[in-house]
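> Based on what follows, work out the 3D shape:
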Amino acid sequence: MAISTATNWVQTDRKPRVLVCGGASNSGSQAAEAQVRQHIADSFDVVEDSASADLAIVLGGDGSILRASGELSTLGIPAVGVNLGRLGFLASVSPSEVQRAFGDVVAGNCRIVEHLMLQCSVLRDKELLASTTGLNEAALLRGAPFSILDIDLHVDGELATTFSCDGLIISTPAGSTAHSLSAGGPILRKTLDAFVISAISPHTLTVRPVVDSSNRIYEMTLRETKAETAVAVDGKVIANVTTQDVIRVEKAKKPFLMIEVDGQNDYRSLREKLDWGGRIRHKK
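As a prediction, the model looks like this:
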């Protein structure tokens, strides 16, 4: 999945039409949000009708982008993420950068990056119980009584292995810096066409995360029903599951499009957002 340049995606005879989503999640960010909204009004034509928008601006943090990604991928319009929260790994434009960033977007000095999304479906006796798209991950998670889960993973209909663990995560490249990273998974470049399979607290030393193609179909099943075991997509529970259920994860039909301007790149985000360093930093 390649990065494409965007130099003619907006018309030059008018301001780009923009849909504004999200907002500040705390009172301390409201002043910054008001300033950002003024810059938006100066640079773009703000619309309420999503069908007429050329792009979207998502205010808030990564949670705001996760909530907006499904609708925006369906619309097929790219998004700019403005960080009014704490981490801002996906929402990477800070309030101090918006004036320059918006100018670059209007001028077409930007890139459109395709983010792989997943489709998670829960099937019970071959009938669809629940289905949704996700930008970060689908996770099979245990609840009370908090005993170990035995999870069979099938890939393209073939048994891959059985995990004894607290849960199993299948994540996208965007999600590789989220829950999967906390479970010991690798970081993937966001343009890779791949999924990461990461077990949570596996009950064996031989289990390691696996990276595989997103063009495969992944299916998770339980060996034994445990109370409150659930499937969550991007942190939201979509169904409680039993041994009767098949949790299917596959590539979604449409990607989520994000706009990047000069100065934004993966390694900068790792350094500044996740404090990633190649050497020990001595405190003064």
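> where do the strands sit along the stretch 51-200 of the chain?
For the stretch 51-200 of the chain, strands defined by DSSP state E, counting those that start in this stretch occupy the ranges 55-60, 79-83, 110-115, 118-124, 127-134, 137-141, 149-155, 158-165, 167-171, 194-200.
> CA atoms of stretch 29-47 as CSV?
Taking Å, rounded to 0.1, in the frame of the first residue of the first chain, the C-alpha atoms of stretch 29-47 are listed here in CSV:
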residue,chain,number,x,y,z
SER,A,29,-8.0,22.6,25.9
GLN,A,30,-11.1,24.8,25.1
ALA,A,31,-9.0,28.0,24.4
ALA,A,32,-6.8,26.1,22.0
GLU,A,33,-9.8,24.6,20.3
ALA,A,34,-11.4,28.1,19.8
GLN,A,35,-8.1,29.3,18.2
VAL,A,36,-7.9,26.3,15.9
ARG,A,37,-11.6,26.7,14.9
GLN,A,38,-10.8,30.3,13.9
HIS,A,39,-7.9,29.2,11.7
ILE,A,40,-10.2,26.6,10.1
ALA,A,41,-12.8,29.3,9.3
ASP,A,42,-10.1,31.5,7.8
SER,A,43,-8.7,28.8,5.6
PHE,A,44,-11.6,26.6,4.6
ASP,A,45,-15.3,26.7,3.9
VAL,A,46,-16.9,24.8,6.8
VAL,A,47,-19.8,22.6,5.8
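> What are the buried residues along it?
Neighbour counts over stretch 29-47 (16 or more other CB atoms under 10 Å) mark 29, 32, 33, 36, 37, 39, 40, 43, 44 as buried. (Each C-beta comes from the backbone N, C-alpha and C, glycine too.)
> What is the nearest of those residues to residue 74?
Residue 74 lies nearest to residue 44 out of these, by CB to CB, at 21.3 Å.
> Can you get me a residue count around the closest residue to residue 227 other than its chain neighbours?
Closest residue to residue 227 apart from its sequence neighbours, by CB to CB, 6 or more residues apart in numbering: residue 144 at 5.8 Å. Residue 144 has 9 neighbours, counted by other CB atoms under 10 Å.
> Take the buried residues of stretch 29-47 and keep only those in helices.
32, 33, 36, 37, 39, 40, 43 (DSSP state H).
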